[in-house]
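In: After the sequence you'll find the predicted model.
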Amino acid sequence: MRVPEIGEIRRRKQRLRIPIVILLAALIITAVVTCAVLGEGIAPDSPFRQRLEVGDTPPSPVHIAGTDLLGRDVLSRVIYGAKTALVGPIFVAVGAFTIATLLGLLSGYLGGFVDSAIMRCVDFMLALPGPLVAIVVVGVVGGGYWTAVLVLGVLFTAPDTRIVRSAVLEQRPLPYIEAARTLGISKTRILFLHILPNVGPIILAYVALDFAFALVNLAGLSFLGLGVEPGTPDWGRMLFENRNILFSNPVALLLPAGMIILTAVSMNLIGDWLFERFAK
Amino acid sequence: MNRTVARAGEHSSLLEVEKLAISHGAVPITTPLDIIVKRGETVAIVGESGSGKSLTARAIAGILPPGINATGTITLDGIPLMRLSERELRKIRGFRVSMLMQDPFTMLNPLMQCGDHIDEMLRDRPAFASRAARAKEVKRRLAEVGIVEEDVAGRMPFQLSGGMCQRIALAAALARDPELLIADEPSTALDVTTQAEIIKLLRRVQRERHMSLILITHNLRLAFATCQRIYVLYAGSILEVGDAAAVERQPLHPYTLGLLLSEPPVDVRVHRLVAIPGFVPRAADVVDSCGFANRCDWAKEICRTGKPPLMARDTTRLTACIRQDEIQSELDSLRMATLSATEITPRPAVATEALVRIDALVKTFVGRQGRPICAVKSVSLHVMPGESVGLVGESGSGKTTIGRCLVGLERPTAGDIRINGIAAADFDAMAKADRARVRQTIQMIFQDTYSTLNPKHSVGQALGEALGASAGASSPATPERIAGLLAEVGLSAAYSTRRPVSLSGGERQRVAIARALAVKPAILVCDEPVAALDVSVQAQVLKLFKRLQAERGLSYLFITHDLAVVRQITERIYVLYLGEIVEEGPTERIIGNPQHPYTRRLVESIPRSTIRNEP
């Protein structure tokens, strides 16, 4: 027999409360998004203006985060850098999950040959060392940032497909799906109107986690010189450019590094929380 | 308020629970409860889900889940349990108070051999210091619970059946020879025939050891058959206390009477099933009124002004109904009227073509390592138009597989299915029009009321979609048609905006029935449709099935393990055992005079299968 009362009361209480950590994480993400959207509006200086005569200086009232080797304002570059830090990972996460959702739904619901075919492809892709493939492809094909985004997007599809598929397999034997089948409702309708909304929270949670992974990976590629064009304000690229001025202006290195970590951790926390809260 | 009982049995009472109030934070789960268990006495705590019976049992054993608090006093043989530290409590648990849980599979450690569960309990005693002495004792203990096979002690829990696991769990619970055993729904998760064996075993062990037993159950019949005294718990309050026989003969509280009447008897087909309207409220919502007032036919203003105390009616009986004096004669006459109602003879089936006919159906599943598992072995059955047929069997008998084959959720390995004259063994191979016609003829109702509706869709959306699926969806699913469907299952149109999470189990099952009715089917395959529902709600849904049959001329194929349910609603039954039909015939004859040994065992396994008619 069902004994729901404890769980139900507990759940009702949780509904009212968003943990403070999650609020903080959301605040950080909002700040980064604001920087990405309003870059020019809020940056104190142009991120491209060089002052070779000044060179790298530590933080001062004029340049709050100091300047880099070419005399560019670090704070402005970090604010501008939010754009590439957000756009790429968003494309990777959303793109990967759009494809993965489709493949996962088909694979989980149809089963049989379709399932085997999709899953073997996924197995093959999982066997590839992701970042290494990205380095090779970008190095050989060129195209920088957007090639990297594309490669990461394709590579992320594989684990995501597995996640969606297992969520679909969980829903498939439930009576509400079987009732829809006995009513003669079409497969497309069952897939997109019945199963998809119920696996939606899990997908949403993993999109957030994917975003964080993509952010770190893209920053890594930029650091290696395989991402954005030289000169573009980008957090990963700044780590590379400013690694030599660690002692004259540590902020030039630590600020973008800190932003990468903060954004990634915030997204991870939000993703984890979404998963705990909605997908379980 | 409990003084009279307390004083009468003072010298021999083993457990005294006084003013035990359980709460979750500020939310009360039970009001202060008084429970007394004498030495060697069997006491039942009867209640539906949400009544707080399991938490009461856990409070006594001192194993409340985190976040749940209890206040009051629990005295075991003079020892105040609530004041003991965890360390001291450990010397009580197992040695003096032991617990037996509902699910035998999760109660045993899956990585421990069965014998080790008992061995572990014996280890502390000096008499069993040596391994050989313990091994010998384990064997003796297993024999006590009826396990004589040599190798069981060395097997893992997953290799054994549920009944066997429950026996081992019982042996482990008894290993330290407790004076009090608390059994929380010990038989609910088991098959009917195994249920009866476990209860018999529990009774025997209790008598032999002269141990006290608290049986927690939702099944009033089981409580009457097993225990000497009954506590009826409802929404966190005790509504009635008394000797089992006396309570059964003359319930003093309207709820007990309602519960008694809504449990369908197995030996009589009652003229009209009595159902208690509504559903069990939360304890927190009824803190200052009689918990049952909103569902009670006799409720007056006085019932809603303050919680009625449990008052003694005579030396052994207490009731929480403040109007008991005034309404007792009405309660008695209602009881008599319902039980003595004349039997209605089922309509003879008109000899036309069968609506559903299954011929030599075989279904084999591929098991582990490609071994075939034969779920259904050559089953033939038929259902006539307007007829209600039961398919009775225990888990593993293949009854659900047959139902799923009928609605096209499984493809039979061999055999023929004809629905309304259309060959429907393989849904994929059928013409589109035929498939649509079959789907408008046969629909299914599922057991699990919690996932039978899509949690993301409102009731209106679910019904609208079902209406759209019917009859080629020529006419749109208007709000009027949705309201009409809801009205048919006894729900108001306001339900169409609600989501499944906000509905009770009974309401969900009604919506599921409405969804099936949307395509105007001729037959419903009902797979344990009331098994997951509370007793008082079960009767409501069964009544709905009966009404729909009368109004729409619906046929039913009732797949169930519950003979009492089948008795009330079907005209003919098939008894299924290990994938084969072992007996078939009119319900009356099969239950009244079972021929096959398995059917006989099934009928005998029902506790207190007859209702007592004397006033």
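Out: Cool, the structure landed.

In: which SS class is the residue most central in space within chain B?
Out: Centrality entry for chain B: nearest residue to the mean C-alpha point is B:Ala531, 5.9 Å, by Cα atoms, centre = their mean. Per DSSP: H, G, I helix; E, B strand; the rest coil, the local secondary structure of B:Ala531 is coil.

In: and stretch B:231-241, does that touch chain A?
Out: No: under the criterion of Cβ under 8 Å from any Cβ of the partner chain, stretch B:231-241 makes no contact with chain A; the nearest approach is 9.3 Å. In this view, the C-beta of every residue, glycine as well, is placed from N, C-alpha and C.

In: any idea of the mean pLDDT for that stretch?
Out: Averaged across stretch B:231-241, pLDDT comes to 89.

In: ok, now stretch A:138-158?
Out: Averaged over stretch A:138-158, pLDDT sits at 88.

In: And for stretch B:24-37?
Out: On average, stretch B:24-37 scores 87.

In: now do stretch B:589-599
Out: Averaged across stretch B:589-599, pLDDT comes to 88.

In: Equivalent analysis for stretch B:125-141, please.
Out: Mean pLDDT, stretch B:125-141: 86.

In: Please save the CA atoms from it in PDB.
Out: The C-alpha trace of stretch B:125-141 is given here as PDB (Å, rounded to 0.1, in the frame of the first residue of the first chain):
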ATOM      1  CA  ARG B 125      24.400 -14.700  22.700                       C
ATOM      2  CA  PRO B 126      27.000 -16.700  24.500                       C
ATOM      3  CA  ALA B 127      25.100 -19.900  23.800                       C
ATOM      4  CA  PHE B 128      25.700 -19.500  20.100                       C
ATOM      5  CA  ALA B 129      29.300 -18.400  20.200                       C
ATOM      6  CA  SER B 130      30.500 -21.200  18.000                       C
ATOM      7  CA  ARG B 131      29.800 -21.300  14.300                       C
ATOM      8  CA  ALA B 132      28.500 -24.800  14.500                       C
ATOM      9  CA  ALA B 133      26.000 -24.000  17.300                       C
ATOM     10  CA  ARG B 134      24.700 -21.100  15.200                       C
ATOM     11  CA  ALA B 135      24.300 -23.200  12.100                       C
ATOM     12  CA  LYS B 136      22.300 -25.700  14.100                       C
ATOM     13  CA  GLU B 137      20.200 -23.000  15.600                       C
ATOM     14  CA  VAL B 138      19.600 -21.300  12.200                       C
ATOM     15  CA  LYS B 139      18.300 -24.700  10.900                       C
ATOM     16  CA  ARG B 140      16.000 -25.000  13.900                       C
ATOM     17  CA  ARG B 141      14.700 -21.400  13.400                       C
END
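
In: What values do phi and psi take at the one residue sitting closest to the centre of chain A?
Out: Residue closest to the mean C-alpha point of chain A, counted by Cα atoms, centre = their mean, is A:Phe211 at 0.6 Å. A:Phe211 has phi and psi values of phi -60, psi -50 when expressed as degrees, to the nearest 10.

In: repeat for B:Thr560
Out: Taking degrees, to the nearest 10, you get phi -160, psi 160 for the backbone angles of B:Thr560.

In: Spit out the contact partners of the nearest residue to it once chain neighbours are set aside.
Out: Leaving out its chain neighbours, the residue that sits closest to B:Thr560 by Cβ to Cβ, 6 or more residues apart in numbering or on different chains is B:Glu528, at 5.4 Å. Residues in contact with B:Glu528 (Cβ atoms under 8 Å, 6 or more residues apart in numbering or on different chains) are B:447, B:559-562.

In: Next, give phi and psi for B:Glu528.
Out: When read as degrees, to the nearest 10, the backbone of B:Glu528 gives phi 50, psi 60.

In: what do you get for B:Ser605?
Out: Backbone torsions of B:Ser605, given as degrees, to the nearest 10, read phi -80, psi -10.

In: isn't it right up against B:Ile199?
Out: No: shown here, B:Ser605 and B:Ile199 do not form a contact pair, counting by Cβ atoms under 8 Å, at 9.1 Å.

In: more crowded one of those two?
Out: Neighbours were counted for B:Ser605 and for B:Ile199 using other Cβ atoms under 10 Å in any protein chain shown; B:Ile199 has more, 22 against 19.

In: residue ranges with poor pLDDT in the stretch 201-350 of chain B?
Out: Scanning the stretch 201-350 of chain B with the threshold set as pLDDT under 70 gives B:264-273, B:339-350.

In: Do a quick rundown of the strands in it.
Out: Taking DSSP state E, counting those that start in this stretch as the test, the strands found in the stretch 201-350 of chain B are B:212-217, B:229-234, B:237-243, B:311-312, B:318-319.

In: Which stretches in the stretch 1-150 of chain A count as helices?
Out: For the stretch 1-150 of chain A, the helices defined by DSSP state H, counting those that start in this stretch occupy A:5-15, A:20-42, A:74-110, A:112-126, A:130-141, A:144-171.

In: Looking at these, spot the one closest to B:Arg515.
Out: Among the helices of the stretch 1-150 of chain A, the nearest to B:Arg515 by Cβ to Cβ is helix A:144-171 (17.6 Å).

In: Buried ones in that closest one, by neighbour count?
Out: Buried residues in helix A:144-171, counted by 16 or more other Cβ atoms under 10 Å in any protein chain shown: A:144-145, A:147-165, A:167-168, A:171.

In: Now residue 190. Nearest residue, chain neighbours left out?
Out: With no chain named, the answer covers chain A. Nearest to A:Ile190 is A:Ala180, by Cβ to Cβ, 6+ apart, at 5.2 Å.

In: Actually, chain B is the one I wanted.
Out: B:Gly162 (5.1 Å).

In: same deal with B:Gly115?
Out: Counting by Cβ to Cβ, 6+ apart, B:Ala153 is the residue found nearest to B:Gly115 once chain neighbours are left out, at 2.9 Å.

In: Around chain A, which positions in the stretch 101-250 of chain B sit nearby?
Out: Proximity of the stretch 101-250 of chain B to chain A (Cβ under 8 Å from any Cβ) is limited to residues B:102, B:185, B:188, B:218.

In: picking that back up, who wins on neighbours among the contacts of B:Glu528?
Out: Greatest neighbour count in those, by other Cβ under 10 Å, goes to B:Ile559: 29 neighbours.

In: OK, contacts around it?
Out: B:391, B:399-400, B:402-403, B:525-528.

In: List the ones among those that fall in strands.
Out: B:391, B:525-527 (DSSP state E).

In: Quick one: closest of the helices of the stretch 1-150 of chain A to B:Arg371.
Out: B:Arg371 lies closest, by Cβ to Cβ, to one member of the helices of the stretch 1-150 of chain A: helix A:112-126, at 20.8 Å.

In: Could you confirm whether the closest one reaches chain B?
Out: No: using Cβ under 8 Å from any Cβ, helix A:112-126 never reaches chain B; the gap is at least 11.9 Å.

In: same question for that helix, mean pLDDT?
Out: On average, helix A:112-126 scores 92.

In: swap in stretch A:179-190?
Out: Rounded mean pLDDT across stretch A:179-190 is 87.

In: Quick check: buried residues in that stretch?
Out: A:179-185, A:190.

In: What of stretch B:12-22?
Out: Residues of stretch B:12-22 classed as buried: B:13-17, B:20-22 (neighbour count, 16+ other Cβ under 10 Å).

In: about what we covered before: give me the subset of the buried residues of helix A:144-171 touching chain B.
Out: Checked against chain B using Cβ under 8 Å from any Cβ, these yield no neighbours at all.

In: show me where pLDDT drops low in the stretch 501-615 of chain B?
Out: Confidence mapping of the stretch 501-615 of chain B against pLDDT under 70 gives the ranges B:607-615.

In: 90 instead, please
Out: For the stretch 501-615 of chain B, the stretches with pLDDT under 90 are B:501-508, B:517-521, B:528-544, B:546-554, B:560-571, B:577-580, B:587-594, B:599-615.
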